[in-house]
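> next one to model:
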Amino acid sequence: MTVNRFRLGMVVLPVLLMGLLSGCQSAYFATMEKFGVHKRDILVERVEQARESQQQAKEQFQSALEAFSALTGFDGGELERRYKTLRDQLQASEEQAAQVRERIVAVEQVAAALFDEWQEELDQYKSASLRRSSEQQLRDTRNRCDQLVRSMRRAEQHIEPVLEPLRDQVLYLKHNLNARAVAALRNELEGIQTDVRRLVRELEQAVDEADRFIRQMEPAGQAAK
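Just a heads-up that it's a prediction; the model follows:
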């Protein structure tokens, strides 16, 4: 199943605004159905968005680590400028972390709606063999989706352990911006590097899991549900 991105984009933006204003996911999904965009399509689209946000998070936290490393390596020059760079990288990391969380929730919401609908529609089959086939397909898709969400959640759980020390260091430097204070931060560098590397590995695994899920959904979407 290949989503027509242009068609989907033309429809999604105004309807998404409606969904956000009303706060009603069921109304949003129902409206999208009227435009021929089914929950399966939305699920694939949201997984793609979640994958994108996790890839961006990986790059953002690597940039934050580079800024922290540059600051701890300070040996003269514009200390204020390096501090502001780290502060800005922390803010960007906070925003990216929030987007990662939001997009995981968005995947969970549409997945729950899709699987509930799919389960209910099993009773509409007259053919026992078709029902069994659809039921097996439902189980397989749900299991793949659960595995994907678990991978995304594992990665997300490693974000806060990176943000916490960065927040502390930025706050400390805000009131102690001098060469001695910067030198004291060097003791924290190794721990932050370790946490960022761990986070990057988890994010890469989540991105790979999203890629697999999207590939597996393609042939499933072409079969009759």
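> test my guess that I159 contacts V200.
No. Using CB atoms under 8 Å, I159 and V200 do not qualify as a contacting pair, with a distance of 11.1 Å. Backbone N, C-alpha and C define where each C-beta goes, glycine included.
> what residues are shared contacts of those two?
F61 (CB atoms under 8 Å, 6 or more residues apart in numbering).
> out of those two, which sits in the busier spot?
Neighbours were counted for I159 and for V200 using other CB atoms under 10 Å; I159 has more, 22 against 19.
> pLDDT value on R180, please?
On pLDDT, R180 comes in at 84.
> and the gap between it and D168?
Remark: distance between R180 and D168 (CB to CB, to the nearest Å) = 17 Å.
> again, but for R51
Distance of R51 to D168, computed by CB to CB: 30 Å.
> neighbour-wise, which of the two wins?
A count of neighbours by other CB under 10 Å puts R51 above the other of R51 and D168, at 23 against 12.
> helix or strand: which one has the more buried one?
Here R51 sits within helix 39-72, counting by DSSP states H and E.
> next helix or strand past that helix?
As assigned by DSSP H and E, the chain's next helix or strand after helix 39-72 is helix 79-121.
> tell me which other helices or strands that following helix touches.
helix 25-34, helix 39-72, helix 128-157, helix 160-175 (3 or more CB pairs under 8 Å, 6 or more residues apart in numbering; DSSP states H and E).
> now these in a markdown table, with mean pLDDT and distance to E218?
Output for the helices and strands packed on helix 79-121, formatted as a markdown table (pLDDT from 0 to 100; distance: least, CB to CB, whole Å):
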| stretch | mean pLDDT | distance to E218 |
| --- | --- | --- |
| helix 25-34 | 79 | 20 |
| helix 39-72 | 96 | 8 |
| helix 128-157 | 97 | 12 |
| helix 160-175 | 94 | 34 |
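> and the chain, what are its domains?
Taking automatic domain parsing as the reference, the chain has its domains at 1-37, 51-222.
> what's the most buried one of the ones you listed?
Among the domains of the chain, ranked by average contacts under mean count of other CB atoms under 10 Å, first place goes to domain 51-222 (a mean of 16).
> now it: how far from the chain's centre is it?
Domain 51-222 sits 5 Å away from the centroid of its parent chain (CA atoms, centre = their mean, to the nearest Å).
> please apply the same query to stretch 44-58.
Centroid separation for stretch 44-58 versus its chain: 5 Å, with CA atoms, centre = their mean.
> let me know the helix or strand that the closest residue to K58 other than its chain neighbours is in.
Spatial nearest neighbour of K58, excluding adjacent residues (CB to CB, 6 or more residues apart in numbering): L203 at 4.4 Å. Using DSSP H and E, L203 maps to helix 179-222.
> coming back round to it: of all the domains of the chain, which one is nearest E45?
domain 1-37 (6.2 Å; CB to CB).
> who touches L86 in this structure?
By CB under 8 Å, 6+ apart, the contact set of L86 is A64, A67, F68, A70, L71, L166, Q169, V170, L173.
> which of those residues sits closest to V37?
The closest of the contacts of L86, once distances to V37 are taken by CB to CB, is A64, at 36.5 Å.
> my understanding was that Q89 contacts Q62; is that so?
No. Applying CB under 8 Å, one finds Q89 not in contact with Q62, separated by 10.0 Å.
> fine by me, thanks again.
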